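[1] predicted model, plus sequence, below.
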Amino acid sequence: MSCGLRDVIEFEALGRPGVLVASDAFAQAAAEQVQLLGQPKLAYALAPHPIQDRTDDELRAMARSLAGEVLAAIRT
Amino acid sequence: MPELVALVKHDCPVCDQVLPALDAADIRVLSQSGAQDTEAQAARLGLRAVPELDLDLELSARLDPDAVPTLVLLDGADERGRVEGLDRQGMLDLAARAGVELNLDGLPEIRPGCASLTRDPEVAARLAARRARAEGRIRSRELRVGELEDPFEALHDRGLTDGLPVVPPTPERVVAMLDHTSRDPQDVVGVVPPYGGEATVEKVAVNAVMAGCEGPELPVVLAAVEAVCEETFAMHGLLATTHPAGPLIVVSGHPGFHSGVNVLGQGDRASMTTGRALQLVVRNIGGGRPGVEDRATHGQAGKLGMCFAERLDDTAPWPGLAQDRGVPPGEPGVTVMALEAPRVIVDQLARDPEGLCASLAMALESVATPRLRLAFDAMLLVGPEHGRVFREAGWSRAQVQQRLHDLTHSPAGSLVRGADGSPEGIEPKWVSDPDMPVAKFASADRILVAYAGGDAGLFSMVFGGWAAGEIGSAPVTRSIQPWA
Amino acid sequence: MGVTTRGPASAATWRPAAPLRILDPTAERDAAPERPLAPRGEPRAIALVDIRKPRGDVFLDELERLLRERGHEVLREGKPTFTKPAPQDLRRDIAQRCDAVIEALAD
């Protein structure tokens, strides 16, 4: 997850809005990491844990429910 | 009731010698070392009580001993006496005053202690910074930087650099920088355009650290900031213009600045960092940034920072520029002027001042374009091989300026719009007599003349001005002394 | 965890033993300078960066479908491995070809 955060930080530095989608098991860690990395406003969206044993349909439903939030994070 | 307190550290053989006696007498002992080291020492010496830790070196910082062990008699916060190092009689006497029986039998009469941890340069710097903050000498807020952020990138990402890495302005470095001025850190040096940020001595010191100044340059930077903030310098306009000019600092008579070979180039830390510090002040305190407030079409390398020192040794034809412009003799001074990057003037043949002035005048007249008259000023930096010509002929600076002014006249007809195919120039309606000589410069003193450079090379340098006089920027000279 | 790849040329950026405290060089007329995020607009081309953990592709396939429905151009990209941050060359390359990035799915 923190590798993903670093990627998003770098994309932001390259001038591209970015957002990371991560399992909500990382909610606490992500909140701490963005502070430690000096980017408290960095965008990330949390997907309900667990991920691995979801069916394809469940994953697609997750994508649909997060799409709005994810888009909002990279748009005005 | 006065209390005896001892300060020790774990890696001090003299503390080792004294601790058992202190322990036996139940004297309160504070250790400058960490918990593990202190416990290990106590175990090694078989002490009954492990010394307390002097957390944050609070007591050590307050008492500020040179050495440990130090035995102090404290009455509340007041010190009634102390013994630093092992001094048997001294310690016994001090203990007696506290009504404590101390047994130092078998110990040497005198043995100097080890350096107190507060004397460790890193520790001392940290304590000094803490003290400065507590006393209000340092008031800047700290930047919120992520713990995992690279400090160099952090400063760059927050828009606080000129594109090159800066030295992170830690409280320790800023406090050390402030040692180079006797002024109060909260004294206001100037109000910096365009947003009117107040440049206090402290804020200038922060930017001087970032620029890489070593410390002795600080008074020069302060004087330059004072000068640049003068209304007549028109820093706001200079920043915002599409013209490439930026502030040049000429240092007259301050030690530690190189004034010989490659004086305008790279390599001299004092010159490079002083020029840079001024521009960082303009950016960070004034808020003027390239592309936003700073609209220069091309700019130039000197906008990173431009500063040189005059060469005022026995080759100098004239006194320093600042001293010529009102700074009392013997006092160092700065002159700041709004100028472009320099261009070389070659004359390898002139042996007399007239001929040399004729060559120099050609370059001066072409500042910006020969067609534009009166609106500009310029700086002429005379190199030593050229300077010798003036010195040997006994020409004063004023004489040189006057001659250059006279020689930078051209007939109006050659300057009119359309002449020689160039559309630039004087409007035809102003040219009644094509032979009438038109001055380039409004007066002789619009040509500032400085002296520096290496011994070899028949070169001088011309720096073209921006918009001169009332409508633009006037050079400003200030003494450095008040900032020392 | 990876190491920061930006910074003066070296594989591992120097990091102080304790975080450096740095004084603000500005006149403090505004809120303290912060690292700004990239400006937001209306991204036309969106890069979906797969960190390559299993099942992420299903999630991203659906996200791609939704984004295309809304008229966005979608670029599918992938990191070589989820165990490190993406190589800087790859990030630059992606950044040049898109207006915004969605990276998924970290678990």
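    Cool, the structure landed.
[2] is chain A within reach of the longest helix seen in chain C?
    For chain C, the longest helix by residue count, based on DSSP state H, is helix C:56-69. Yes: Helix C:56-69 is in contact with chain A by CB under 8 Å from any CB of the partner chain, via C:58, C:59, C:60, C:61, C:62, C:63, C:66, C:67. In short, each C-beta sits where N, CA and C put it, glycine included.
[3] for residue A:51, state which of these is nearest.
    Checking the residues of helix C:56-69 next to chain A against residue A:51 with CB to CB, the nearest one is residue C:59 at 8.1 Å.
[4] could you check how many residues crowd around that closest one?
    Residue C:59 has 25 neighbouring residues, counting by other CB atoms under 10 Å in any protein chain shown.
[5] and residue 15, how many neighbours?
    Went with chain A since none was named. By the measure other CB under 10 Å, the count of residues near residue A:15 is 11.
[6] that answer is for a different chain, and I need it for chain B
    Residue B:15 has 28 neighbouring residues, counting by other CB under 10 Å.
[7] one more: residue B:278?
    Neighbours of residue B:278 using other CB under 10 Å come to 30.
[8] would you tell me which helix is longest in chain A?
    Using DSSP H to define each element, chain A has its longest helix at helix A:56-74.
[9] run me through the strand neighbours of the host helix or strand of residue B:337, direction for each.
    Using DSSP states H and E, residue B:337 falls within strand B:333-346. Applying DSSP bridges to the sheet, strand B:333-346 is found paired with strand B:246-252 (antiparallel), strand B:459-465 (antiparallel), strand B:476-479 (antiparallel).
[10] now these in JSON lines, with mean pLDDT and mean neighbour count?
    Compiled in JSON lines, those are given as follows (pLDDT from 0 to 100; neighbours: other CB atoms under 10 Å in any protein chain shown):
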{"stretch": "strand B:246-252", "mean pLDDT": "98", "mean neighbour count": "28"}
{"stretch": "strand B:459-465", "mean pLDDT": "98", "mean neighbour count": "23"}
{"stretch": "strand B:476-479", "mean pLDDT": "98", "mean neighbour count": "23"}
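[11] and those strands as CSV, adding distance to residue A:44?
    Below are these laid out as CSV (distance: least, CB to CB, whole Å):
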stretch, distance to residue A:44
strand B:246-252, 43
strand B:459-465, 53
strand B:476-479, 52
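[12] and the residue of chain C closest to chain B?
    Among the residues of chain C, residue C:27 lies nearest to chain B; the distance is 2.9 Å by CB to the nearest CB.
[13] in a helix, that residue, correct?
    No: counting by DSSP: H, G, I helix; E, B strand; the rest coil, residue C:27 is located in no helix; its state is coil.
[14] gap between it and residue B:199?
    For residue C:27, the distance to residue B:199 equals 7 Å [CB to CB, to the nearest Å].
[15] do residue B:231 as well
    Per CB to CB, residue B:231 is found 15 Å from residue B:199.
[16] okay, those two: which has more neighbours?
    Neighbours per residue (other CB under 10 Å) separate residue B:231 from residue B:199, with residue B:199 holding more: 25 against 11.
[17] just say helix, strand or coil for the more buried one.
    Going by three-state DSSP, the secondary structure assigned to residue B:199 is strand.
[18] repeat that for the one 3 residues further on.
    On the three-state scheme (three-state DSSP), residue B:202 is labelled helix.
[19] residue B:139 is in contact with that one, correct?
    Yes: here residue B:202 reaches residue B:139: they are 6.5 Å apart, a contact under CB atoms under 8 Å.
[20] distance of the closest residue to residue B:165 other than its chain neighbours relative to residue B:305?
    Excluding its sequence neighbours, the residue lying closest to residue B:165 (CB to CB, 6 or more residues apart in numbering or on different chains) is residue B:152, at 4.8 Å. Distance, residue B:152 to residue B:305, by CB to CB: 19 Å.
[21] other SSEs contacting the helix or strand where residue A:19 lies?
    Applying DSSP H and E as the criterion places residue A:19 in strand A:18-23. Applying 3 or more CB pairs under 8 Å, 6 or more residues apart in numbering or on different chains; DSSP states H and E, one finds that strand A:18-23 makes contact with helix A:2-13, strand A:44-47, helix A:56-74, strand C:100-106.
[22] any idea how far the longest one is from the chain center?
    Between the mean C-alpha point of helix A:56-74 and the mean C-alpha point of its chain there is a distance of 11 Å (CA atoms, centre = their mean, to the nearest Å).
[23] please point out which parts of that helix sit buried.
    Burial within helix A:56-74, assessed by neighbour count using 16 or more other CB atoms under 10 Å in any protein chain shown, is assigned to A:59, A:60, A:62, A:63, A:66, A:67, A:70, A:71, A:73, A:74.
[24] right, is that helix up against chain C?
    Yes: residues of helix A:56-74 contacting chain C under CB under 8 Å from any CB: A:56, A:59, A:60, A:62, A:63, A:64, A:67, A:70, A:71, A:74.
[25] now for the fourth one: which residues touch it?
    Right, residue A:62. The neighbours of residue A:62, taking CB atoms under 8 Å, 6 or more residues apart in numbering or on different chains as the test, are A:47, A:48, A:54, C:59.
[26] who's the first one bridged to?
    When bridges are assigned using DSSP bridges, the partners listed for residue A:47 are residue A:23.
[27] distance check, it against chain B.
    Using CB to the nearest CB, to the nearest Å, residue A:47 is found at 24 Å from chain B.
[28] that older thread, overlap in contacts of residue B:202 and residue B:139?
    Contacts common to residue B:202 and residue B:139, judged by CB under 8 Å, 6+ apart, are B:185, B:186.
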